[in-house]
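In: Need coordinates for the following:
(chains A and B, ligands or ions: 2)
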Amino acid sequence: MADRRPIYLMSPALAWLTAFMVVPCLLILVLGFFRRGIYGGIEYTFTLENMALVFDPLYAGIFLKSAVIAGLAASIAVVIGYAAAYAIASMPARRQPILLFFAVLPFWSNYLVRTYAWIVLLNREGLIVALARYLGFEGELPSMLYTESAVVVGLVYNYLPFVILACYAPLSRLNTEIVEASRDLGASGWTTFRRITLPMTVPGIATGFVFVFVLSIGNFVTPALLGGGQFQMIGNLVYAQFLTANDWPFGAALSMVLIAIMMGLLTLQTFATERASGARRVEG
Amino acid sequence: MSKALLSIRDTSKHFGTVRAVDEISLDIMENEFFALLGASGSGKTTLLRLLGGFEFPDSGSILLDGEDISRIPPNHRPINLMFQSYALFPHMSVAQNIAYGLEMEKLPRPEIDARVNEVLDIIQLSGLAQRKPDQLSGGQRQRVALARALVKRPRLLLLDEPLGALDKKLRSEMQLELKRIQDKFGITFIVVTHDQEEALVMADRIAILKDGQLLQCGSPHEIYEHPQTRYAAGFIGTMNFFPVHLSGKTLVMDDGGRISAAIPEGLTEGSEAVAAVRPERLHLAHKAYKNKLTGRISAIAYHGLDLQLHIEAAASPQPVMVRLTADEAEGQPLSIGDDVTVGWSAENTRVFRD
Ligand SMILES: Nc1ncnc2c1ncn2[C@@H]1O[C@H](COP(=O)(O)OP(=O)(O)OP(=O)(O)O)[C@@H](O)[C@H]1O
Ligand SMILES: [Mg+2]
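Out: Ligands and ions are numbered 1, 2, ... in the order given. Take a look at the predicted model:
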């Protein structure tokens, strides 16, 4: 008889996931195919209108822009985060935990507070402008707050610790003898990085990228605070449908598409991880 | 005599207070199969890493063909190291692993392919060229690691416990295989091992390290028959040790028996020493020998070709080991509990102070 214990151990988590993930997702899925009531309620008749509306150029455009911003944020976060993780992993082993602790420290403060801090830095009378003035800059400074760049900066800043942790894991596990073997066979430091270290740590990069992308594309706090009122990402749109426009079915349809995109990416990431971790044993 | 390919001169490497390599001087000849032998922590890996360029010496110098290479980075040395862990690249196939070092030399693709195939043939892994390292057995991985280093045709190949991960049978096969490959390529090998039998079988010369220092260096025969220290005597092969003291001009064992042997310089009247003799040098036909010892047989073990006796004797705190050839044992009614006398010659007795 097979050992049943794993099932018992998993069951609390499974019950939790079913109650608070699977059921709400199914509800949203169903909701997306109903009609909106005249006074904001839900009319329980089947329709594809909401789905069609998602692909309307107006809304598809917002999807696209969100994806571009999320992609930009994820790319920048991966470059900065990988470099930081690499630096930490090359430090003497006993100093690494403390460095990681500092890298992750901002995480322990509130997301809103951290984002507000950027308003203090970026606004017209903010610290960055003050610094420029102090250094003798006279002219009119371009507005920094309430731009797409500000949103990207905010997202990168907030999710960077994730990337550092995700990249640090495979980098710290990398056997130093493998790197030395590459040098021994005649490769320079840079070639070794490009041909050995980087390919072997792709899983960390993929995880970090997908993480930042997924969290960014659905984010509504950062665009609302740093992007200003006029700037919308898909998260803001969903938020508005549920809370101000009272169009739950359309909000649900938008959410479904967003979830589908995220699922697709997570699947891709799993593939990337599996490929990089070497081929499975196929034959005996 | 051929000239020295590699000269290690008064080289030291310290890690904090640990003297991992302590003032070692050593010449390695062209085409030599050289073994570094020592207990765990004796500095074998550190010495190889100094030669490979992964550590730089704190003092002393390392000359290759008369040129000081001790500060040259590993990728600019015509020396390759086969790592203790093999260090194969897990994301590359066997063929890609082997081709890597040639790609670094910027050789044309057809030449790379030809050389990879040639070496795959030699290590008999042509059929597995497309496999990833984690689809190989331990012995196959070891051969790939060897091929990856060999294909570069280095002046000097360093092998850190190349057979450490293999089982006993595969080990003895690979020992001969390594010899054959070294012969074929005409490359100088330095092999690290802590298996003394392996060193005796494979090496042209052996160096014994202890606590970062070079204890003795010589041919397997020299090391086996003429160990210069008690440590070296006990480290290589099996050795019987008898406590002795000098009385007049002769050595006296604890059972009162006198033995003749070359007395080490500086041994004074009454001072303690230890006499050492190999099990195969002890014979039942003791009448022909000057040195004798009597005891009671406590164990008998047949090994096919030979027979081992353990003898409890007053002369030795540990059981005395005797190895008899089948011829010698023939017609001798030996059983546990019997009293026996064994004899040996003065030439085969080594005496160490301490
Ligand atoms: N990077 C290092 N930092 C500090 N100490 C080290 C380092 N490398 C080696 N040592 C020390 O130097 C000594 C020699 O180590 P080395 O690895 O050369 O031994 P070895 O003979 O190869 O042993 P083994 O047979 O176990 O592989 C040991 O005491 C070891 O602890
Ligand atoms: Mg070692």
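
In: Look up the residues forming beta bridges with the closest residue to residue B:162 other than its chain neighbours.
Out: With CB to CB, 6 or more residues apart in numbering or on different chains as the criterion, residue B:162 has its nearest non-adjacent residue at 5.8 Å, and that residue is residue B:82. All C-beta spots, glycine's among them, are computed from the backbone N, C-alpha and C. When assigned by DSSP bridges, residue B:82 has beta-bridge partners residue B:159.

In: domain ranges for chain B?
Out: With domains defined by automatic domain parsing, chain B comprises B:4-230, B:238-352.

In: Single out the most deeply packed of those domains.
Out: Burial of those is given as mean neighbour count (mean count of other CB atoms under 10 Å in any protein chain shown); domain B:4-230 ranks first at a mean of 19.

In: low-scoring pLDDT stretches of the chain, where are they?
Out: By default, I'm working from chain A. A:1-3, A:276-284 (pLDDT under 70).

In: Not quite, go with chain B.
Out: Judged by pLDDT under 70, the stretches of chain B that qualify are B:1-2.

In: Not counting the helix ranked longest in it itself, show me its contacts.
Out: Criterion DSSP state H: the longest helix present in chain B is helix B:168-185. Contact with helix B:168-185 is made by B:33, B:122-123, B:139, B:142, B:146, B:150, B:153, B:159, B:162-163, B:166, B:189, B:191, B:198, B:201-202, as judged by CB atoms under 8 Å, 6 or more residues apart in numbering or on different chains.

In: Specify the angle between the helix or strand just after it and helix B:168-185 in degrees.
Out: Using DSSP states H and E, the helix or strand that follows helix B:168-185 towards the C-terminus is strand B:188-193. Orientation check (axes from the mean of the first three to the mean of the last three CA atoms, to 10 degrees): strand B:188-193 against helix B:168-185 gives 160 degrees.

In: wait, does whichever helix or strand comes after strand B:188-193 contact ligand 1?
Out: Once strand B:188-193 ends, the next helix or strand along the chain (criterion: DSSP H and E) is helix B:196-202. No. Judged by CB under 6 Å from any ligand atom, helix B:196-202 stays clear of ligand 1, getting no closer than 12.7 Å.

In: From the contact counts, what lies against helix B:196-202?
Out: Here helix B:196-202 touches strand B:33-38, helix B:168-185, strand B:188-193, helix B:220-225, going by 3 or more CB pairs under 8 Å, 6 or more residues apart in numbering or on different chains; DSSP states H and E.

In: now with 6 Å?
Out: When contacts are defined as 3 or more CB pairs under 6 Å, 6 or more residues apart in numbering or on different chains; DSSP states H and E, helix B:196-202 sits against helix B:168-185.

In: what about the strands in chain A?
Out: A:34-36, A:42-46 (DSSP state E).

In: Within its sheet, name the partner strands of the longest one and how each one runs.
Out: Paired neighbours of strand A:42-46 in the sheet (DSSP bridges): strand A:34-36 (antiparallel).

In: where's residue B:273, which helix or strand?
Out: strand B:272-277.

In: Give the other helices and strands that that strand contacts.
Out: Partner elements for strand B:272-277 (3+ CB pairs under 6 Å, 6+ apart): strand B:240-247, strand B:350-353.

In: and these as a markdown table, adding distance to residue B:110?
Out: What follows is these, written out as a markdown table (distance: least, CB to CB, whole Å):
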| stretch | distance to residue B:110 |
| --- | --- |
| strand B:240-247 | 61 |
| strand B:350-353 | 59 |
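
In: Take these and lay them out in CSV including distance to chain A.
Out: Output for the helices and strands packed on strand B:272-277, formatted as CSV (distance: least, CB to the nearest CB, whole Å):
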stretch, distance to chain A
strand B:240-247, 39
strand B:350-353, 39
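
In: before we move on, back to that, name the residues that touch the strand holding residue B:273?
Out: B:233, B:239-245, B:267, B:344, B:348-353 (CB atoms under 6 Å, 6 or more residues apart in numbering or on different chains).

In: same check, this time on stretch B:220-230
Out: B:200, B:206, B:215-216, B:233, B:236-237, B:352.

In: which of the residues you listed lies closest to residue B:258?
Out: Residue B:258 lies nearest to residue B:352 out of the contacts of stretch B:220-230, by CB to CB, at 18.2 Å.

In: Now the closest one: closest residue in space, sequence neighbours ignored.
Out: residue B:230 (4.2 Å).

In: before we move on, the earlier item: could I get the CA-only coordinates of the helix or strand that the strand holding residue B:273 is followed by as PDB?
Out: Sequence-wise, the next helix or strand downstream of strand B:272-277 (DSSP H and E) is strand B:291-302. What follows is strand B:291-302, C-alpha atoms only, in PDB (Å, rounded to 0.1, in the frame of the first residue of the first chain):
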ATOM      1  CA  ASN B 291      66.100 -12.600  13.100                       C
ATOM      2  CA  LYS B 292      63.400 -14.600  14.800                       C
ATOM      3  CA  LEU B 293      60.200 -14.300  16.700                       C
ATOM      4  CA  THR B 294      57.900 -16.800  18.300                       C
ATOM      5  CA  GLY B 295      54.200 -16.500  19.000                       C
ATOM      6  CA  ARG B 296      50.800 -18.200  18.800                       C
ATOM      7  CA  ILE B 297      48.600 -18.200  15.700                       C
ATOM      8  CA  SER B 298      45.400 -16.200  16.400                       C
ATOM      9  CA  ALA B 299      43.900 -16.100  12.900                       C
ATOM     10  CA  ILE B 300      44.400 -17.600   9.500                       C
ATOM     11  CA  ALA B 301      43.000 -16.100   6.300                       C
ATOM     12  CA  TYR B 302      43.300 -17.700   2.900                       C
END
